[in-house]
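Engineer: I'll drop the sequence and a predicted model, then ask my questions.
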Amino acid sequence: MHENPLSDRSPAEPAPLEDPRAGADSAAELGDLDDSSSGASRDIADVSAVEIITTATVHLMSAAAVKIGLAEDEQTGHYQDLAEARKLIIALAGLVTAASPEIGGDHARSLRDGLRTLQLAFAEALPFPDPPGQAPGEKWTGRVS
């Protein structure tokens, strides 16, 4: 069983930020941290903006699918948190809508299709439907049916 190390904090309380240098015992270890962060910066510099946007979108889609209940929990066989799914879908809709003109037709089309699929799955999972225009992401995508 996986325990959530953040479970003793309230949802409004942010997780504490850890300084990666805090555990460094020597100047050599600090130098290693600088080398690895500059290496990561070089790696990110080699990745296109389209790939970064697409990766972020896929992460949001995956998380939303789990929260909608499209994935099975190990213990209960089902996991669902529609309040969290709603937040993820709203963020996803904003990102997809804003990024679509920048990333090109084929990429944008597949991201919009994935978003629409999640919006429909969310609507099916609700015990009562949202009013028209109030479903997650509809502020940016318009009515989904």
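Structural biologist: Thanks, I have it. Numbering: from 1, shown residues only.
Engineer: What residues does Ala125 make contact with?
Structural biologist: Applying Cβ atoms under 8 Å, 6 or more residues apart in numbering to Ala125 gives the contacts Ile68, Gly69, Gln80, Leu82, Ala85. The way it works is simple: take the backbone N, C-alpha and C, and place the C-beta from them, glycine included.
Engineer: Distance of it relative to Leu82?
Structural biologist: Distance, Ala125 to Leu82, using Cβ to Cβ, to the nearest Å: 6 Å.
Engineer: cool, and Ala99?
Structural biologist: 25 Å.
Engineer: Look at these two and report which has more neighbours.
Structural biologist: For Ala99 versus Leu82, neighbours defined as other Cβ atoms under 10 Å are more numerous around Ala99 (20 against 16).
Engineer: Skip the chain neighbours and tell me the closest residue to that one.
Structural biologist: Ile53 (4.9 Å; Cβ to Cβ, 6 or more residues apart in numbering).
Engineer: That neighbour reaches Val96, doesn't it?
Structural biologist: No. Counting by Cβ atoms under 8 Å, Ile53 does not reach Val96; the two are 9.0 Å apart.
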